[in-house]
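Student: Just the structure for this:
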Amino acid sequence: MSCINQLSSHAKINLFTSLFSENYFLWIGSGFSYNFGFASWSDVLDEVRFKLNYPAKIDVRYPLKL
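Tutor: Residues are numbered from 1 along each chain as shown. Purely as a prediction, here's the structure:
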């Protein structure tokens, strides 16, 4: 079964609407780039924290809560 077949009808409509309207972006996780010598996920979050002047240390166990 393909990934598309696993989606609900509503999710498929949203996905294809986004694709056809060019309202999307490609995200490859830092685990992919880490294997090529780039930053880890925690390093990426620290860099974002620094650039945004975010005062607190980022807890990498719950990155999506940020």
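Student: Quick check: pLDDT value at Lys65.
Tutor: On pLDDT, Lys65 comes in at 63.
Student: again with Tyr62
Tutor: Reported pLDDT for Tyr62: 69.
Student: Check Ser9 too.
Tutor: We have a pLDDT of 92 for Ser9.
Student: count of neighbours near it?
Tutor: 7 (other CB atoms under 10 Å). Glycine gets a C-beta too; all of them are placed from N, C-alpha and C.
Student: if I look at Glu47, how far off is Phe38?
Tutor: Using CB to CB, to the nearest Å, Glu47 is found at 11 Å from Phe38.
Student: If you could redo that for Arg49, that was the one I meant.
Tutor: 17 Å.
Student: Between those two, point out the one with more neighbours.
Tutor: Arg49 (15 against 11).
Student: The more buried one and Val60 touch, don't they?
Tutor: No - if you go by CB atoms under 8 Å, Arg49 and Val60 don't touch, sitting 10.7 Å apart.
Student: element containing Ser33, please.
Tutor: helix 30-34 (DSSP states H and E).
Student: Following element in sequence after that helix, please.
Tutor: Counting by DSSP H and E, what follows helix 30-34 is helix 41-52.
Student: And that next one, what does it pack against?
Tutor: helix 30-34 (3 or more CB pairs under 8 Å, 6 or more residues apart in numbering; DSSP states H and E).
Student: Under the pLDDT cut-off, which ranges of the chain? List them.
Tutor: Applying pLDDT under 70 to the chain flags the ranges 1, 28-31, 62-66.
Student: So which residue is smack in the middle of it?
Tutor: Trp27 (5.1 Å; CA atoms, centre = their mean).
Student: Pull the contacting residues for that one.
Tutor: Contact analysis of Trp27 by CB atoms under 8 Å, 6 or more residues apart in numbering lists nothing.
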